[in-house]
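Colleague: Curious how this folds, go ahead:
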Amino acid sequence: MMIKVKYKVLPFFLLLSWQVDAQHTPQTVLLLCKLDSIRNSPSVARHFAGIYFETTAHAVSHFSSAEPAVQDMMGRMEWRFADYFFRSADASKNKTPVSREWMAYYSDNNASSLRYLLLGINAHINGDIWQALTTEFTKEELEKLKPHYFSYYTELLKEYRRVSEQAWAQSKKLRLLHTISFGMDKWYGKIMLKRWRKRQMNLAGLYFTNRSLFEKKLEQVRRKMIRLEHLIRRNT
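Modeller: Residues are numbered from 1 along each chain as shown. Okay, the predicted model is just below:
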């Protein structure tokens, strides 16, 4: 009952907290409300929904002063992207098969919040972005989206720092790695975040221009995802 009440009043408080001159569509408000509902639920999906809510709210704020056409593209991108996470959460709740990208996340009901968070990031960035891009946009629209897609990297670094701090607080292994690498792990993480997002955009481009090469590259990405899943399990 409390969740339902919060779901109804949250849009009002969200609109008050954002810039007065920003244009926020009902779809944007609904997206944040759905994420808020999941992060306050007992589902294991809540672990990833928490940071996803924050990241999405920051994205909305970041593009609030952009031209309407840019806001529209990014809004479409955010909604389509989030839909893959929503599908996984619904599948888990209904005890139906989850997508290949999210299997590792939902395979353990008693993992640490840090493990859920890292597995969720791996699934969503390395598994869902290209799908959202190719489902929502045409090849021509994708070219228009590119500069705005990449411009958000600096904002994502703020979320990366927050996740890093949480990881170090919860994992002795990661704190040790940070110490023996003289802090180079932070630099490496930033580079990998940028590389992952660029790789997803490149995959989306190949989907429209060279389907055989796309399939080859996609399989390589999926193998890397599996290796990363094993690495996360060993260290969290």
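Colleague: same for the helix or strand containing Lys217, what does it pack against?
Modeller: Under the criterion of DSSP states H and E, Lys217 resides in helix 211-235. Helix 211-235 is packed against helix 113-123, helix 184-209, with contacts defined by 3 or more CB pairs under 8 Å, 6 or more residues apart in numbering; DSSP states H and E. Just so you know, the C-beta spots here come from the backbone N, C-alpha and C atoms, and that holds for glycine as well.
Colleague: For that helix, which residues meet the burial criterion?
Modeller: Within helix 211-235, the residues scored as buried using 16 or more other CB atoms under 10 Å are 214, 217, 221, 225, 228-229, 232, 235.
Colleague: how about those residues in a markdown table, adding pLDDT and distance to Arg46?
Modeller: Listed next are the buried residues of helix 211-235 as a markdown table, based on pLDDT from 0 to 100; distance: CB to CB, whole Å:
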| residue | pLDDT | distance to Arg46 |
| --- | --- | --- |
| Phe214 | 98 | 34 |
| Lys217 | 97 | 33 |
| Val221 | 96 | 27 |
| Met225 | 94 | 22 |
| Leu228 | 90 | 22 |
| Glu229 | 93 | 20 |
| Ile232 | 87 | 18 |
| Asn235 | 79 | 22 |
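Colleague: With distance to Thr154 added, can I get those residues in CSV?
Modeller: Putting the buried residues of helix 211-235 into CSV (distance: CB to CB, whole Å) gives the following:
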residue, distance to Thr154
Phe214, 29
Lys217, 26
Val221, 24
Met225, 25
Leu228, 24
Glu229, 28
Ile232, 25
Asn235, 27
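Colleague: ranges for the helices of this protein?
Modeller: Ranges of helices in the chain, per DSSP state H, are 2-17, 26-39, 46-62, 68-93, 103-106, 113-123, 129-136, 139-151, 153-170, 172-180, 184-209, 211-235.
Colleague: average pLDDT for the first one?
Modeller: If I follow you right, that is helix 2-17. The pLDDT scores in helix 2-17 average 38.
Colleague: so how far is stretch 140-155 off the chain centroid?
Modeller: Averaging C-alpha positions (CA atoms, centre = their mean, to the nearest Å) puts stretch 140-155 15 Å from its chain's average.
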